[in-house]
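Undergrad: how does the following fold in three dimensions:
(chains A, B, C and D)
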Amino acid sequence: MSEERYIPRNDLNIETMQINLGPSHPTTHGIIQMDLQVAGEDIIEADVIIGYLHRGFEKMCEAHNWNQAVIYTDRLNYVSPLINNVGYHLAVEKLMDIEVPSRGQYVRMVLSEIMRICDHQTALAAAAMELGGFTPFLYLMKGRELWWELLERVVGARVTTSFTRIGGMVADLPDWFAAAAEDILLETANINREVHTLLTRNRIFIDRTRGVGYISPEDAISYGFTGPMLRSCGIEYDVRVAAPYLAYNDIDFEIPILTNCDVYDRFYIRLLEIDQSCRIIKQGLAKLPQGPVNHLDKNISLPPKSEVYGSIEGLMAHFKLLMNDNGVRPEAGEVYHAIEAANGELGYYLVSTGELCPHKCRVRPTCMPFTQALPQMIKQGMIADVVPCFGSINMIGGELDR
Amino acid sequence: MSELLTIPLLQELFGETILESHAHRGDETVIIPPQSLEEVATRLQQDERLRFEFLMDLTAVDYLHLDRPKRFEVVYHFYSLTHNRRLRVKVRVDDGEPVPTLALLWKTADWFERETAEMYGIKFAGHPDPRPLLLYPEFKGYPLRKDYDQRASHPLVESRRKGESA
Amino acid sequence: MFETIASIIKICFIVVCLLLPMAFLLMWAERKESAIMQDRIGANRASVFGIRAWGLISMMADAIKMFVKEDFSPPFANKRLFHFAPFLAMFAVLITFAVIPFGPEWTLLGHTVKLQIADLGVGFLYMFALAPLGIYAIALGAWASNNKYSALGGIRAVGQLISYEVVVGLSLIGLVMVFGTVQLDSIVVQQGDYWFNGWIPKWGVFLQPLGLLLFFPAGFAETKRVPFDLPEGESEIIGFNLEYSGLKFGLFMMSEFIEMVILGALLTTFFFGGWQVPWLFSDGFHFPWGWDFSLPHTAVVLLQVMSFLTKLVFFGWFLQIVRWTLPRFRYDQLIRLCWLYLLPLAVLNVVITGIVILVLQ
Amino acid sequence: MAQYVNHDQKFGATEAIYYPGIAKGVALTIRHFVVNMWFHLMKALRIKARPGAITIQYPDQRRVLPAALRIRHRIKLNEDGRLRCTACMLCETACPDNCIYIVPMESPEEVPEEKMPAIFEIDLARCCFCGMCVEACPMDAIHMDTGIAEMASDSRENLVLDLESLLKPGPIVCTGPAFRGKEILELLPHLKDVRAMEHQTQPEGSIYRVGKTNR
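TA: Here you go, the predicted model:
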């Protein structure tokens, strides 16, 4: 398909030129700096400098109680915030050894998958735009906007969702949700077809991405790649299969595996995963069981408002959960819980000392290994290759720098 | 809770090296001394019965004033793709005590260790590139230590001149 | 005397009524057309007394902004070359249009006027001699900016434009062989012939289909637009015009759009019959199925000029569509496409054309 | 159950040359162009059809914001026109950003509630709109459903909402010094007007429509 790539050599002792790509450069959305040594257009040396968006996520979580810390998880991967919420609270629930009722699990799963679609669409859109394809960018963003508008009506926010709580959710899905989602699922599939036509079947795009940004499967494991990046290297690992959480065990879906380890496969696998997420949403909404979404224990989740306004017991439980020096206190211990976020394994490592606040709330940033591998991907390439490589790793500044 | 699979195997393989072990909520955890970390990690990665190919996460926890034998615990989360198992390995160190680096075994350890070093002031002996990762070079202190004031602010630094490295 | 006045009027007509408005229109179309195909609306916020005129007022506002914006030149830049380059770019594209025929001969008050500024016997060569002047403008501007990114853009531009200049020329050689002339007006006149009892006009597109398939990408590459916008490549290197602002940036941009007009004009002239309207002869329509309409001379001339303009507008529209559909090439792929695929094919085209002409003789 | 499936993208002859892929792409964008242009034309001819673009032209057209949207706060009144808030401080406690500031006081009127807020302030500059205060309120007093999304101001002081502006949510006024720490007793005469107004204009649970009327 594509010709033998020209590998630049520096055995002529060419004087290299230093180029700073970023932190303010059109490619580096989500601020990052790439320090390149180039000979002509060929990159001889590359170094990635991050930290421009560091906010002290862990320190802030340590200063808030177990429920409040969820607002900071919104700001980790701000392209798919709800998955972070779900992941965080699944970890807290594992720490407390409780389980959400099955409707709650289904709701969380459906919302996570919607967020996965949004994340993939954003990643694909950004990658396409940087390659000069502005039209697929807008088609994909339109698709994401439809989902976000739906979520806005359910969750109450577009980006800062903060929708999960210990033992459940803030609210249940409304009745009209399945019908509304149905339309958007159709539109999403349609947009996927359009992107296939515009990009993945176009020789220019294939040339730009095929064989670019190669990372061998061994290196991918050594770098700790997870998610679509790992699966495009031919390695079968998905947390939804390896350690099923929520209701993923009841759902019939496929996890696509590609084997070329290059930018094209990373792009293509995300398109395939969008289709699978659509399947999961469809099945999840069809199978949605009746019942409460929240854990019924009054020491864990807030009682429904009707009880708070109507009965003294409800009011007392409400106060007991919220008053100063009261609230959820998981017993001392530590857990690591991983879920499959859009970008890969999102793990939360929580340490409790039996206090109101987490003693330690560590998040395993999914895109950090990818960013770390970026110099290896772009070295021996051209300046123009930085763009598809960077687009394919879907680096999210909020999660990378925390 | 599923029965323990990895801890007995590790105890058989390493014996006295395993200082402590527990499995809170099913997360199998072993605590080893820092001297034997490199050896244990190599075995974890390469032994057929273990095959922990992934170093999923690396961080540290500060147990200041909590009556622990040593102040810090450096926490490693391993994942075995072959056996679909997870393992947490912890190393206890005091302030200033070095921990051997795993950056030569796992490439991902490079950045994780850089981050842990700047956040907690833990030295990783033999690290190939010990620059700060997330913080700027002029930053003073170790922000994730428990004795670091949350409200501490740092003055803005002058922009770097040409030629000064980051 | 009459010739001089006619020439001046023609130049004014071309520049004031054709090139600048077409470039302006293309800039507007670039916004609105891309917006419509991308399911959005496009710039339309600026208004005068509540009239937005589908975004045309926004264009005016932008033009005014461009004029009054601070004319910044970076320190350590070579000031003279930096200021000179955009004007050279504009000059190079404006002067190229001189040999393009936009209408037939028009007999007015006893004088015969050629609707073409300069009917040079070597019009073809003149065009390919002067158009590459724009490369100097880009290279000088990029180098004089004293910026690594713009220098990279300048290098890319020089490599790309010089390479594709060769293909542009070679892909048209076949056509020149078929028509046996390098005079553009004569080429257009010859495209008024017909095949198959007058059913199919003898346009370049039917004579040289491969030539069109080669000329189109090569000419597109000359306009430096997506997918060939590597000199600009705003997400990679920000472009050769990175340090330019205000009017000087505007000149670069304007010259790019005029290049598009010229590309459209060349496509029309060489491959789509220039100002010819199918089955319109100097005394009116003669359709192959037997219908005839006779028209006065002036009406025929006007129709033919309109035909030229319509084709120009269509190609402007089409070039925009292509521009907004495709992703960008990489530098080595671009050069490889030129030297390994387009150039050999262009040579092959010349050889085939030669053989066919020989056989037919 | 999920399973891993190997996909591999094979390229055929159509991907080996540039033109077919480009032609398909161009055909797709031309289709979009023609369809959208048709609807734009319909609109220009005043014929009712779906819009040709998905754009919402913001200051002129406004989306009806969903009822669930967490947005600028308001404080509700009782059926009999008193403040619902009893200054129980739960919202202040639940707030992760410490953006709520309450000073409680004994209620001056003969009312069943024992307390009411003397000062109730929400600092919008700190607020992250997580909705935890609404969730925490046991009296159904604080709500985030005003539908007012335009909260920009040119000073930080203006972003501190006091009780008055919480009771009468409107656009933030961008001029003038901050209104801070006003005692409830000074406010009382004015509050009565506000109550009357609220009961006339806002039925229970309605969303304040944002639009030109609110300016």
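
Undergrad: from now on I want contacts and neighbour counts done on CA atoms only, so please keep to that.
TA: Will do.

Undergrad: residues from the stretch 201-350 of chain C in reach of chain B?
TA: Proximity of the stretch 201-350 of chain C to chain B (Cα under 8 Å from any Cα of the partner chain) involves no residue at all.

Undergrad: tell me the contacts of the residue of the stretch 201-350 of chain C found nearest chain B?
TA: Among all residues of the stretch 201-350 of chain C, C:Glu243 sits closest to chain B, at 20.5 Å; criterion: Cα to the nearest Cα. Residues in contact with C:Glu243 (Cα atoms under 8 Å, 6 or more residues apart in numbering or on different chains) are C:Phe72, C:Ser73, C:Pro74, C:Ser145, C:Asn147, C:Ser150.

Undergrad: is it true that the last one touches C:Tyr244?
TA: No. Using Cα atoms under 8 Å, C:Ser150 makes no contact with C:Tyr244, being 10.0 Å away.

Undergrad: more neighbours: those two, which one.
TA: Per other Cα atoms under 10 Å in any protein chain shown, whichever of C:Ser150 and C:Tyr244 has more neighbours is C:Ser150, with 26 against 22.

Undergrad: show me what the helix ranked longest in chain C packs onto, helices and strands only.
TA: Ordering each helix of chain C by length in residues (DSSP state H) puts helix C:148-179 first. Judged by 3 or more Cα pairs under 8 Å, 6 or more residues apart in numbering or on different chains; DSSP states H and E, helix C:148-179 is in contact with helix C:133-144, helix C:184-190, helix C:204-207, helix C:209-222, helix C:331-336, helix C:343-360.

Undergrad: of the ones you listed, flag the one that's most buried.
TA: Neighbour counts (mean count of other Cα atoms under 10 Å in any protein chain shown) averaged over each of those peak at helix C:133-144, with a mean of 24.

Undergrad: quick one: average pLDDT of it?
TA: In this model, helix C:133-144 has a mean pLDDT of 88.

Undergrad: does any part of it sit near chain A?
TA: No. Using Cα under 8 Å from any Cα, helix C:133-144 stays clear of chain A, with a minimum separation of 14.5 Å.

Undergrad: run through who's touching that helix.
TA: With Cα under 8 Å, 6+ apart, helix C:133-144 has contacts from C:77-79, C:81-90, C:92-93, C:150-151, C:153-155, C:157-158, C:161-162, C:240-241.

Undergrad: among those residues, the buried ones, what's the ChimeraX command?
TA: Buried members of the contacts of helix C:133-144, defined by 16 or more other Cα atoms under 10 Å in any protein chain shown, are picked up in ChimeraX with:
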select /C:77,78,81,82,83,85,86,87,88,89,90,92,93,150,151,153,154,155,157,158,161,240,241
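
Undergrad: next, name the residue at the spatial heart of the chain.
TA: All of this refers to chain A. Among the residues of chain A, the one closest to the centroid is A:Ala342, at 3.6 Å (Cα atoms, centre = their mean).

Undergrad: chain B is the one I meant
TA: B:Val74 (3.8 Å).

Undergrad: show the pLDDT at C:Gly50.
TA: Taking C:Gly50 on its own, its pLDDT is 76.

Undergrad: typo on my end, it should be D:Lys192
TA: 42.

Undergrad: and what of the one 10 residues further on?
TA: Here the pLDDT value assigned to D:Gln202 is 37.

Undergrad: again with the one 10 residues further on
TA: You'll see D:Lys212 listed with a pLDDT of 27.

Undergrad: check A:Asn324 too.
TA: We have a pLDDT of 75 for A:Asn324.

Undergrad: repeat for A:Arg279
TA: A:Arg279 is given a pLDDT of 90.

Undergrad: please apply the same query to D:Phe11.
TA: pLDDT, D:Phe11: 79.

Undergrad: over to the one 5 residues further on?
TA: Predicted confidence (pLDDT) for D:Ala16: 79.

Undergrad: the residue nearest to A:Arg362 when sequence neighbours are not counted in helix, strand or coil?
TA: Distances taken as Cα to Cα, 6 or more residues apart in numbering or on different chains put A:Tyr349 closest to A:Arg362, at 5.0 Å, once the chain neighbours are dropped. Put simply, A:Tyr349 is strand when judged by DSSP: H, G, I helix; E, B strand; the rest coil.

Undergrad: I figured A:Tyr349 was touching A:Pro365, is that so?
TA: No. The criterion here is Cα under 8 Å, and A:Tyr349 misses it with A:Pro365 at 11.3 Å.
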